[in-house]
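Participant: Predicted model and sequence below, questions to follow.
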Amino acid sequence: MAIRRPVKAAPILHKYCIKIQLFFLKHPKDQARAPEKLTGPDADAARNNGQVATTDGAHFFTVNINTLRKKAKAHTLEVEDILAAAARRPAGLQEELQRLSAELEWSHTPHPRGGGHVVPFARWAEVAGAYAEHGIPGLAGWMQATARAAAGHGAPADYVLAMLEALKTQEANDALFSLFAHVLDDPGGHVAEALELASTINIKFSFKGSLPPTPAQADQARSFLMALYPLARKEAERCTVVCALRGVGDESTAQFLATIKPFSGPHAGLEKSALRAIRKRLQGTASAAP
């Protein structure tokens with residue numbers, strides 16, 4: 001179950017270019033980098049209270065596991081709360097999420113047997129707990145195990161992508177390209193997953209303060225998106241691809257955008273906006289070069 005939410009902005013930008021998680025609206029500094037962990041007595045005290053403590057200049061931020069429990073029992077818990085906590089990897093989070101999942105009988109599927117539609121908190125708890133306890137290797141292991149259990153129905157890419165979106169580290173960037181190498185290499189064979197990946201590429205690399213991809217990663221993402229564009233059947237899907245190109249496109253991409261059929265209706269002007277964003281980024285990179 002995806003958690004991405006469109007947010008309104010200036011008319012020149014289409015909503016598909018600004019699908020960012022509510023977490024980053026609440027904590028804008030996290031868009032630039034993950035806060036540094038505290039060390040010494042302060043960190044020990046935080047861990048003893050079921051927290052993970054971080055500092056970012058004059059800012060002090062803690063993720064309190066007890067707060068997650070209170071929200072869960074009050075039925076006010078959101079997926080963003082779980083991912084924000086997991087991003088800091090507090091000691092004991094996986095165990096607490098497992099406890100809450102069993103105690104509150106969270107669902108593993110958005111469509112439980114009893115009918116209706118629910119947030120599959122049990123599945124979110126699994127992926128967040130795997131990362132919190134074991135980092136990227138734990139996330140990779142969870143993805144592989146879940147894919148095998150799916151018996152050919154595909155891995156739950158949404159959950160892993162959402163977790164990676166919450167992480168502003170080079171390790172997370174590297175994981176994006178390694179865990180989804182099969183999609184990057186063959187978007188035509190995984191179109192639905194490829195469109196989700198395009199959305200994550202947009203979120204991770206197209207906004208101010210993002211940790212940029214390496215040159216090799218940008219090349220790989222650009223080739224992937226260019227191959228995906230003609231496979232996108234709906235205009236909204238093509239919008240997602242074009243938006244994602246803003247963070248990884250080069251001059252050849254800009255030339256490509258100048259030749260595509262202009263978007264219409266609520267998407268009008270999107271290709272021009274993306275083209276300007278790419279050229280602005282390229283100019284900034286050139287001027288910053290020694």
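Facilitator: Yep, it's here. Numbers count the residues shown, from 1 in each chain.
Participant: Please list the outside residues in contact with stretch 226-244.
Facilitator: For stretch 226-244, the surrounding residues in contact (Cβ atoms under 8 Å, 6 or more residues apart in numbering) are 14, 16-17, 187-188, 191, 194-195, 198-199, 201-202, 205-206, 221, 225, 245, 253, 256-257, 260, 263-264, 267, 270-271, 274. For the C-beta atoms, the positions are set from N, CA and C on the backbone; glycine is no exception.
Participant: How about the contacts made by the closest residue to residue 257 other than its chain neighbours?
Facilitator: Distances taken as Cβ to Cβ, 6 or more residues apart in numbering place residue 275 nearest to residue 257, at 4.5 Å, with adjacent residues excluded. By Cβ under 8 Å, 6+ apart, the contact list for residue 275 reads 254, 257, 258.
Participant: Please tell me the pLDDT value assigned to residue 275.
Facilitator: With respect to pLDDT, residue 275 has a value of 95.
Participant: any idea how far it lies from residue 67?
Facilitator: Relative to residue 67, residue 275 is positioned 44 Å away (Cβ to Cβ, to the nearest Å).
Participant: can you check residue 96 too?
Facilitator: 11 Å.
Participant: which neighbours do the two share?
Facilitator: Joint contacts of residue 96 and residue 67 (Cβ under 8 Å, 6+ apart) do not exist.
Participant: Which of those two has more residues huddled nearby?
Facilitator: Counted by other Cβ atoms under 10 Å, residue 96 and residue 67 do not tie: residue 96 has more neighbours, with 20 against 15.
Participant: any idea how far the closest residue to that one other than its chain neighbours is from residue 90?
Facilitator: Closest residue to residue 96 apart from its sequence neighbours, by Cβ to Cβ, 6+ apart: residue 65 at 5.1 Å. Distance of residue 65 to residue 90, given as Cβ to Cβ: 6 Å.
Participant: swap in residue 109?
Facilitator: Residue 109 is 27 Å from residue 90, by Cβ to Cβ.
Participant: more crowded one of the two?
Facilitator: Neighbours per residue (other Cβ under 10 Å) separate residue 109 from residue 90, with residue 90 holding more: 23 against 12.
Participant: quick one: secondary structure of the more buried one?
Facilitator: coil (DSSP: H, G, I helix; E, B strand; the rest coil).
Participant: With adjacent residues omitted, what lies nearest to the most centrally placed residue in the chain?
Facilitator: Nearest to the mean C-alpha position of the chain, by Cα atoms, centre = their mean, lies residue 165 at 2.1 Å. Of all residues not flanking residue 165 in the chain, residue 203 sits nearest, at 5.2 Å (Cβ to Cβ, 6+ apart).
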